[in-house]
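**Q** structure, please.
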Amino acid sequence: MRAVLVYCTGGTERQVAAGTLIIAEGGTTGHLYVLMQGKLEVLKGEMVVATVAEPGAVLGEMSVLLGQPHTATVRACSDAVIYEFEDAASFLKQEAGAALLIAKMLAQRLNVANTYLADLKRQYAGHGTHLAMVGEVLQSMINLPPLEVSPGSDRQSDPRM
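**A** So this is what the prediction gives:
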């Protein structure tokens with residue numbers, strides 16, 4: 001994602017200390033962040049699900065693109081430098097190149113998730129366990145209207161699935 005660094009103009013460069021909360025899960029900012037240097041952690045609830053250290057990593061894009069609250073918390077786990085776009089939607093409309101890079105990144109993530117789910121489907125097909133229903137989940141994901149996507153889990157299920 002280093003290619004996105006060329007688009008880091010028109011925003012604000014911020015120095016953040018280790019432990020600083022950058023994005024709060026459930027909050028809505030309309031901001032997009034690009035990691036310039038340092039290390040950040042992504043949390044769902046209290047669980048760390050990813051550590052981000054690659055300059056050019058983009059954060060907050062799902063909230064901006066879906067017009068929904070942030071789906072995770074992002075916190076600096078070292079001193080870091082981030083670049084912040086306060087009106088991210090306008091930035092993405094003006095900078096088609098940056099929007100395309102983000103679209104490619106999201107497509108790559110979706111490809112990894114689909115590949116993983118397809119592998120689970122193959123492994124557990126015919127076993128009669130709850131993992132055998134992965135095929136139904138994949139089919140439901142494909143058929144959801146784009147503006148109505150609402151992820152769920154065991155704690156908060158999507159009533160359409």
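**Q** hang on, E86 packs against H31?
**A** Yes: counting by Cβ atoms under 8 Å, E86 does reach H31; the two are 5.6 Å apart. Every residue, glycine included, has its C-beta placed from N, CA and C.
**Q** these two: which has the busier surroundings?
**A** H31 (21 against 13; other Cβ atoms under 10 Å).
**Q** and the pLDDT at the residue most central in space within the chain?
**A** Note on the chain: the residue nearest the mean C-alpha position is M62, at 5.3 Å, using Cα atoms, centre = their mean. As predicted, M62 sits at a pLDDT of 94.
**Q** element containing the closest residue to it other than its chain neighbours?
**A** Take M62 and drop its neighbours on the chain: the residue closest to it by Cβ to Cβ, 6 or more residues apart in numbering is T71, 5.6 Å away. Of the helices and strands defined by DSSP states H and E, none includes T71.
**Q** what about T71, distance to R122?
**A** Counting by Cβ to Cβ, to the nearest Å, the separation of T71 from R122 is 28 Å.
**Q** so those two - more neighbours on which side?
**A** More crowded of T71 and R122, by other Cβ under 10 Å: T71, with 15 against 10.
**Q** for beta bridges, what are the partners of the closest residue to F91 other than its chain neighbours?
**A** Nearest residue to F91, sequence neighbours excluded (Cβ to Cβ, 6+ apart): F85, at 4.5 Å. Residues in a beta bridge with F85, per DSSP bridges, are L32.
**Q** can you pull the contacts of F85?
**A** By Cβ atoms under 8 Å, 6 or more residues apart in numbering, F85 lies in contact with G10, G11, H31, L32, Y33, V34, F91.
**Q** same check, this time on E41
**A** So E41 contacts V48, A50, T51, V52, V74, R75, C77 (Cβ under 8 Å, 6+ apart).
**Q** do I22 as well
**A** Shown in contact with I22 (Cβ under 8 Å, 6+ apart): V16, Y33, L40, L59, V74, R75, A76, I82.
**Q** hmm, 10 Å instead?
**A** 14, 16, 29, 31, 33, 35, 40, 42, 59-60, 70, 73-76, 80, 82, 84 (Cβ atoms under 10 Å, 6 or more residues apart in numbering).
**Q** what do you get for S63?
**A** Each residue near S63 by Cβ under 10 Å, 6+ apart is listed here: 23, 25, 27-32, 69-72, 88.
**Q** now K93
**A** D87, A99.
**Q** distance of it relative to S63?
**A** Note on K93: its distance to S63, by Cβ to Cβ, is 16 Å.
**Q** do the same with Q15
**A** Computed as Cβ to Cβ, the Q15 to S63 distance reads 23 Å.
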